[in-house]
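**Student:** I'll drop the sequence and a predicted model, then ask my questions.
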Protein chains: 2
Amino acid sequence: MLNNKVRAHSLVDSVTERLEAAILSGELAAGSKLSELQLAMSLGVSRGPLREAIRRLEGRKLLERTTNIGVRVVALSRKDVSEILQVQEVLQGLACGLAAKHMSDADIDALEQVLTRYKHKPGKGEDYDSWDLDFHTRIIVGSGNERLSKMLTEEVNFLLKVHRSVAVTTRETALRVVEEHKQIIAALRRRDPVAAEAVMREHISHARIESLSAEFADDVTEAKKKTPAKKSGRVRAAKSVR
Amino acid sequence: MLNNKVRAHSLVDSVTERLEAAILSGELAAGSKLSELQLAMSLGVSRGPLREAIRRLEGRKLLERTTNIGVRVVALSRKDVSEILQVQEVLQGLACGLAAKHMSDADIDALEQVLTRYKHKPGKGEDYDSWDLDFHTRIIVGSGNERLSKMLTEEVNFLLKVHRSVAVTTRETALRVVEEHKQIIAALRRRDPVAAEAVMREHISHARIESLSAEFADDVTEAKKKTPAKKSGRVRAAKSVR
DNA sequence: ACCGCGCAAAGTGTCAACAGTTTACACATT
DNA sequence: AATGTGTAAACTGTTGACACTTTGCGCGGT
């Protein structure tokens, strides 16, 4: 212990975390413009630290700033999502391949327990999401490649979560997922990196196709935004939030 | 034409670009601490915009800030480089696989010309670097996946360039690279995504091994930094620059 | 000579005010 | 009525000053 150094974190750090959470939770809707003054007041800080926090998230491509106009939360286009999913596929594949080499037997046991503990109640709404997340997170961490882990969790998967395309999970897909997870575990047990990578890629690929085919409802999603957004001709994204 | 909108770019934008270039060129050495006041003065801006630019690069993991202490340019450890190279391998592989589907015949012709135009003068120092960069850039762009392109050029490859492990290019390796590039082109011509990805990964993998085996000279590299850096006991990174 | 204490200098964190740009609305014109 | 113009409000961009933290140095005690 005592390795974790206690550092007084600045306002910028706090604000960054707060914004990040707000974006993830949808409190700051994708595409919505945010007002510096209002946000600063509601967060109880001055514009300085807020602007710096915004800049940081800008560097992480979560926010976009247009000079003299303002800041808005990124809104991923179908093309963006498609492209990111392709990247996700190979990165998850890499993680799984590495995991086949680096995960301990105990780790794999734990992974399998995650699977068996869920197997009996498939398709249960939010349970499913957290379970699937847990399964994949264990493999990502198990890759032993910290950089890869951060890229996947903090960049790629984070962006996809922001977009959260209300993945409707039917009972069939849930069962298929369980089956594929089994295959992944089998490959890991065999310590077969090539197979592990291939199976994982196949698995992600399925989710990819599903996710994209559900994307036809994009305009519906748009209409669900907080602000009514009277669209007059051009598409006009939701206005200020909070 | 007229598609390129003319946006007045702010000081923060200019400063960000300047810093980015300075980091890439080594003007701001990896690991060196930078003073806000001095930097702001030498750039001719006040601390505000500079700090915001720093925050942005912080979000891109090019700079690291420690509260109340200061900002320093990232210094990649051997582990970091190794991990990033693994990621690079699969991403370049993906790009090449996609390129096999998306590149036009004309694109491939152009790519082949890059190769043949260089083939006759292999191993010529800086020529080699720009040639190799050109070759790979064409494939990355040819993938048609803009997100992937940006990830590779602005994140992964950028970080590796910052580290620039003085890749000594022997004549043998240059010849091998030419040979492998030929195979890549062949796979692209065959429109064989699987082979294209595999060959590219193999190719990158070779570079990876070479790069890492050259890393034993890390302390030498350290000593070559601008500031003499009197190391007293603990390793002490180069101090203020400019 | 060594260690600890405290003060001063330098540097970062935060803020509030000012300057410049955009946006929206009202008014005048055709 | 529709269109263009000008002005005011709102907002972003930038700055300089102030507060707090860290760092380095010197002094006195042991």
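**Tutor:** Nice, I can see it.

**Student:** Which residue is the nearest non-sequential neighbour of residue A:190?
**Tutor:** residue A:100 (7.8 Å; CB to CB, 6 or more residues apart in numbering or on different chains). Backbone N, C-alpha and C define where each C-beta goes, glycine included.

**Student:** Check the secondary structure at the one you found for me.
**Tutor:** Per DSSP: H, G, I helix; E, B strand; the rest coil, the secondary structure class of residue A:100 is helix.

**Student:** Pretty sure it sits against residue A:188.
**Tutor:** Yes. Here residue A:100 reaches residue A:188: they are 5.1 Å apart, a contact under CB atoms under 8 Å.

**Student:** anything in contact with each of the two?
**Tutor:** Both residue A:100 and residue A:188 are in contact with residue A:196, where contact means CB atoms under 8 Å, 6 or more residues apart in numbering or on different chains.

**Student:** coming back round to it: give me the neighbour count for the residue nearest to residue A:190.
**Tutor:** When neighbours are defined as other CB atoms under 10 Å in any protein chain shown, residue A:100 has 26 of them.

**Student:** Between the two ends of stretch A:145-153, how far is it?
**Tutor:** End-to-end distance for stretch A:145-153, by CA to CA, to the nearest Å: 12 Å.

**Student:** in it, what's buried?
**Tutor:** The neighbour-count check on stretch A:145-153 (16 or more other CB atoms under 10 Å in any protein chain shown) flags A:145, A:147-149, A:151-153 as buried.

**Student:** Could you find the closest non-adjacent residue to residue A:76?
**Tutor:** Per CB to CB, 6+ apart, closest to residue A:76 is residue A:163, 4.6 Å.

**Student:** what number of residues lie near residue A:137?
**Tutor:** As a burial measure, residue A:137 scores 15 neighbours (other CB under 10 Å).

**Student:** Then the one 4 residues further on?
**Tutor:** Residue A:141 has 19 neighbouring residues, counting by other CB under 10 Å.

**Student:** returning to that earlier point: does the residue nearest to residue A:76 touch residue A:78 like I think?
**Tutor:** No. Using CB under 8 Å, residue A:163 makes no contact with residue A:78, being 9.9 Å away.

**Student:** so who does the spatially closest residue to residue A:46 that is not a sequence neighbour touch?
**Tutor:** Once flanking residues are discounted, residue A:46 sits nearest to residue A:40: 6.0 Å by CB to CB, 6+ apart. The contact partners of residue A:40, taken as CB under 8 Å, 6+ apart, are A:46-47, A:50.

**Student:** ok so, going back, number of residues surrounding the residue nearest to residue A:76?
**Tutor:** By other CB under 10 Å, neighbour count at residue A:163 equals 20.

**Student:** ok now do it, which residues does it touch?
**Tutor:** Applying CB under 8 Å, 6+ apart, the residues near residue A:163 are A:30, A:76, A:81.

**Student:** Inside helices: which ones of the residues you listed?
**Tutor:** If you go by DSSP state H, the contacts of residue A:163 have residue A:81 in helices.

**Student:** In terms of pLDDT, where does residue A:221 sit?
**Tutor:** Among the per-residue scores, residue A:221 shows a pLDDT of 40.

**Student:** One more: residue A:170?
**Tutor:** Turning to residue A:170, the model gives it a pLDDT of 77.

**Student:** Got the phi and psi for it?
**Tutor:** Here is the backbone geometry of residue A:170 (degrees, to the nearest 10): phi -80, psi 160.

**Student:** and if you look at residue A:64?
**Tutor:** Torsion angles, degrees, to the nearest 10, at residue A:64: phi -130, psi 140.

**Student:** my guess is it meets residue A:74, correct?
**Tutor:** Yes. Assessed by CB under 8 Å, residue A:64 is found in contact with residue A:74 at 5.8 Å.

**Student:** Those two: who's more crowded?
**Tutor:** Each of residue A:64 and residue A:74 has its neighbours counted (other CB under 10 Å); residue A:74 has more, 19 against 14.

**Student:** so who does the more buried one touch?
**Tutor:** A:30-31, A:61-64, A:159, A:162.

**Student:** List just the nearest of these to residue B:173.
**Tutor:** Nearest to residue B:173 among those: residue A:61, at 35.4 Å, using CB to CB.

**Student:** and that closest one, how far is that from residue A:9?
**Tutor:** Residue A:61 sits at a distance of 23 Å from residue A:9 (criterion: CB to CB, to the nearest Å).

**Student:** Compare these two and say which is more crowded by neighbours.
**Tutor:** Neighbour totals were compared for residue A:61 and residue A:9, and residue A:61 leads with 17 against 11 (other CB under 10 Å).

**Student:** Can you tell me the SS state at the more buried one?
**Tutor:** When classified by three-state DSSP, residue A:61 comes out as coil.

**Student:** Who's the closest spatial neighbour of it, skipping the chain neighbours?
**Tutor:** Leaving out its chain neighbours, the residue that sits closest to residue A:61 by CB to CB, 6+ apart is residue A:74, at 6.4 Å.

**Student:** What about the residue in chain A positioned nearest to chain B, how many residues nearby?
**Tutor:** Nearest to chain B, among the residues of chain A, is residue A:59, at 2.4 Å (CB to the nearest CB). Residues near residue A:59, counting by other CB under 10 Å, number 21.

**Student:** That one against residue B:59, yeah?
**Tutor:** Yes. Assessed by CB under 8 Å, residue A:59 is found in contact with residue B:59 at 2.4 Å.

**Student:** domain ranges for chain A?
**Tutor:** What the record gives for chain A is the domain set A:11-75, A:78-218, from automatic domain parsing.

**Student:** Output those as TSV; include the columns distance to DNA strand C.
**Tutor:** Shown next, in TSV, are the domains of chain A (distance: least, CB to the nearest atom of the strand, whole Å):
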stretch	distance to DNA strand C
domain A:11-75	3
domain A:78-218	21
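
**Student:** Specify the stretch among those that is closest to residue B:196.
**Tutor:** Nearest of the domains of chain A to residue B:196, taken as CB to CB: domain A:78-218 at 13.3 Å.

**Student:** ok now that closest one, how far from the chain's centre?
**Tutor:** Computed by CA atoms, centre = their mean, to the nearest Å, the separation of domain A:78-218 from the middle of its chain amounts to 12 Å.

**Student:** Enumerate every residue touching the nearest residue to residue A:200 once chain neighbours are set aside.
**Tutor:** Spatial nearest neighbour of residue A:200, excluding adjacent residues (CB to CB, 6+ apart): residue A:96 at 3.6 Å. Counting by CB under 8 Å, 6+ apart, residue A:96 touches A:139, A:143, A:184, A:187-188, A:196-197, A:199-200.

**Student:** Before I go, just wanted to say thanks for your time.
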